[in-house]
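[1] Pasting a predicted model and its sequence here:
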Amino acid sequence: MPEDIHPTIWAKVAGLVTEGTFAVTVEIYEELEHLPGPIGECIKANGAALQMEIEEENWDWKTYLAHYEEMKVRHASVISDYNGNRKGTIGLNDLTIIALAKTLGLPVVSSEKKTNLDQDSAKRQKIPDVCDKEGVDHLNFNDLLRAEAIKN
């Protein structure tokens, strides 16, 4: 959904960023700040509001760290960093955002789709698969737009 074709939608998403609707880990923020265009600029301008930093007293970072450490063990077989960067798996950065969502009781928004049933799920899991296993809601971009009642 290019920003130049759907400027109204992206302006509303930028409004959500500015309002502090989203929360990200530092690792995910470092990925998002490379997004081009107005939404990328909005993310950069609101980095302090988006990022949840360890040892800040305004959130339960100790529970986040506990979730993250437990998930690293529980999902080690599908973490690419531990498995030669195998395709169809998640990275540790992905795991941070799932742990954050679990801690804050928020959904994860990503463009990934669940692993196909015919694939080896013991070796291949994507963000939506791990979210399911952790009891975290997963939204794709269209789901986010619907949840926030954003229309053109």
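    Done, it's in. None of the values given here were measured: they were computed from a predicted structure.

[2] okay, CA-based contacts and neighbour counts for the rest of this
    Fine.

[3] What is the strand or helix carrying Ala11 packed up against?
    Applying DSSP states H and E as the criterion places Ala11 in helix 7-19. Other helices and strands packing on helix 7-19, by 3 or more CA pairs under 8 Å, 6 or more residues apart in numbering; DSSP states H and E, are helix 37-45.

[4] What are the buried residues along the helix or strand following the helix holding Ala11?
    The helix or strand immediately downstream of helix 7-19 is helix 26-32, counting by DSSP H and E. For helix 26-32, burial by neighbour count (16 or more other CA atoms under 10 Å) applies to Val26, Ile28, Tyr29, Leu32.

[5] ok, back up a step: now do the buried residues in the helix holding Ala11.
    Ile9, Trp10, Lys12, Val13, Ala14, Val17, Thr18.

[6] Nearest to Glu53, out of the residues you listed: which one, please.
    Glu53 lies nearest to Val17 out of the buried residues of helix 7-19, by CA to CA, at 17.0 Å.

[7] I'd say the closest one and Ala45 touch.
    No. With contact defined as CA atoms under 8 Å, Val17 and Ala45 do not form a contacting pair (9.6 Å).

[8] Just the element for Ala122, please.
    Using DSSP H and E, Ala122 is not contained in any helix or strand.

[9] Next up, phi/psi of it, please.
    phi -70, psi -20 (degrees, to the nearest 10).

[10] State the number of residues packed around it.
    9 (other CA atoms under 10 Å).

[11] OK, contacts around it?
    Ala122 sits next to Ser77, Val78 when contact means CA atoms under 8 Å, 6 or more residues apart in numbering.
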